[in-house]
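>>> pasted the sequence and its predicted model underneath.
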Amino acid sequence: MNISDVINDIKLVCGLNTIALPFDKPVESVIQEILKVSIRTFSRFKPHIKEGYEMLKNLRYTDEISKRRGIYILPGSLTTTPVQDASATVVSDVITDENVNGNAFTVVSPFVGFGSYYPQDIMNAVNTGAAINKYLGLTSRQGTSKWLGFNKIQLFDFPQDACIRFIVRCEHDLTGETIPESCVESFMQLAILDVQRTLYNQIKNMNNVGSAFKEIQIKIDDWSSAESNRNALVKEWEQVFHYDDSELVQFF
C-alpha cells in the first residue's frame, strides 16, 4: 500500500482539497499523523506476519536466570515494529544428524526389541531409553513456546543446538508498505472515518479561526457521526476477524 495514494484519496473523498483547514501544518501532514492511529488499529485485526530463523545459542537474554528459564529476546529483525504475539518451533536439532537417525527408533522406543511384553522388561526398556536420551541430549517432547510480551519469549524443551523458526504478529509499518493491496479497501474505510472523526473533534472546538470558521463548520457537520460509524466498524471487525486466523478458530 502506498501511503501517499491513501492520503490523496482521503483528501478527495472528504473534500479537503476545497477546505482551508485552520492548522499550521499542511493538510497532508495532518492526515499522515492521524493515519498512525488507523494503522495501529488495523494491525489488531490484520497484523503483519514476519518469519525468521535463528540458532538457540545465538539468542540474546537479559541475565543468567532468564537463560536458565528459557526466556530469550526475539531477534532484532522481527521487532522493528511493536510485536503483538510470537511463537517458536524447532526446525532442526541434533536428532536430525545422520548418525543419530540410524538409531532413532531404538532411542525413542520404550521397548527393547519387539518381544518385550513382560512388565519388568518394559520397565527396564523405559529406563534404558530415558538414559540413552539423556546421554545423547535428546527428548521425545516437542518444543513449545510462550509469548511474554516486551519482545520476550519463553522456550520449553528446545535442544541446545536447535535452529528455531519464529512466527511474529506485529503492527504494520507506519509507511503502510506492509499492508497488502488486497486489504487497502478495508483500511480505507477505517482511515476515512479516523480522519473525519479527528478533524471534526478538533475543529468543532475552535473559536478563534476567523470568519472562515462558519464555512468550515458547515462542511464538516456531516462528519459528526464519524465516531459512531468508526465504533460500529471496529465492532464488526471484532466479531469476524478471527475467521482469518486458524489458531483462533474453535472446533466443537
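Thanks, I have the structure now.
>>> quick one: contacts for I179?
M1, I39, F42, K46, H48, H172, F187 (CB atoms under 8 Å, 6 or more residues apart in numbering). The way it works is simple: take the backbone N, C-alpha and C, and place the C-beta from them, glycine included.
>>> for the fourth one, what are phi and psi?
Recorded main-chain torsions at K46 are phi -140, psi 80, according to degrees, to the nearest 10.
>>> quick one: it and L190 touch, right?
No: K46 sits out of contact with L190 when judged by CB atoms under 8 Å, with a separation of 10.6 Å.
>>> which residues of the stretch 51-200 of the chain fall in strands?
Secondary structure of the stretch 51-200 of the chain (DSSP state E, counting those that start in this stretch): strands located at 71-73, 83-92, 144-149, 152-156, 163-170.
>>> possible to save those strands as TSV with mean pLDDT and distance to Y53?
Shown next, in TSV, are the strands of the stretch 51-200 of the chain (pLDDT from 0 to 100; distance: least, CB to CB, whole Å):
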stretch	mean pLDDT	distance to Y53
strand 71-73	98	14
strand 83-92	94	7
strand 144-149	96	14
strand 152-156	97	14
strand 163-170	96	6
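>>> can you tell me how far P82 is from G76?
Counting by CB to CB, to the nearest Å, the separation of P82 from G76 is 14 Å.
>>> for stretch 72-92, what is the distance to the chain centroid?
From the chain centre to the centre of stretch 72-92 is a distance of 9 Å (CA atoms, centre = their mean, to the nearest Å).
>>> buried residues in that stretch, which are they?
Neighbour counts over stretch 72-92 (16 or more other CB atoms under 10 Å) mark Y72, L74, P75, L78, T79, T81, V83, A86, A88, V90 as buried.
>>> the first one and K57 touch, don't they?
It stands for Y72. No: in this structure, Y72 is not within contact of K57 by CB under 8 Å, at 10.6 Å.
>>> kindly reformat the strands of the stretch 51-200 of the chain as TSV containing distance to Q239.
Formatted as TSV, those follow (distance: least, CB to CB, whole Å):
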stretch	distance to Q239
strand 71-73	35
strand 83-92	19
strand 144-149	24
strand 152-156	29
strand 163-170	19
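>>> of those strands, which approaches N8 most closely?
Closest approach to N8 among the strands of the stretch 51-200 of the chain is made by strand 163-170 (27.1 Å; CB to CB).
>>> show me what contacts the residue nearest the centre of the chain?
Computing the C-alpha centroid of the chain and ranking residues by CA atoms, centre = their mean puts R169 first, at 1.4 Å. Residues in contact with R169 (CB under 8 Å, 6+ apart) are P47, H48, I49, V83, Q84, D85, A86.
>>> the third one should be in a helix, yeah?
No: using DSSP: H, G, I helix; E, B strand; the rest coil, the assignment for I49 is strand, not a helix.
>>> closest to I31 out of the strands of the stretch 51-200 of the chain?
Taking the strands of the stretch 51-200 of the chain one by one with CB to CB, strand 163-170 is closest: 23.7 Å.
>>> buried sites along that closest one?
Buried residues in strand 163-170, defined by neighbour count with 16+ other CB under 10 Å: C163, I164, F166, I167, V168, R169, C170.
>>> and the gap between the fifth one and L56?
Taking CB to CB as the measure, V168 and L56 are separated by 17 Å.
>>> do the second one as well
Taking CB to CB as the measure, I164 and L56 are separated by 6 Å.
>>> shared neighbours, these two?
L155, F158.
>>> can you check what pLDDT the model gives S225?
Looking at S225, its pLDDT reads 92.
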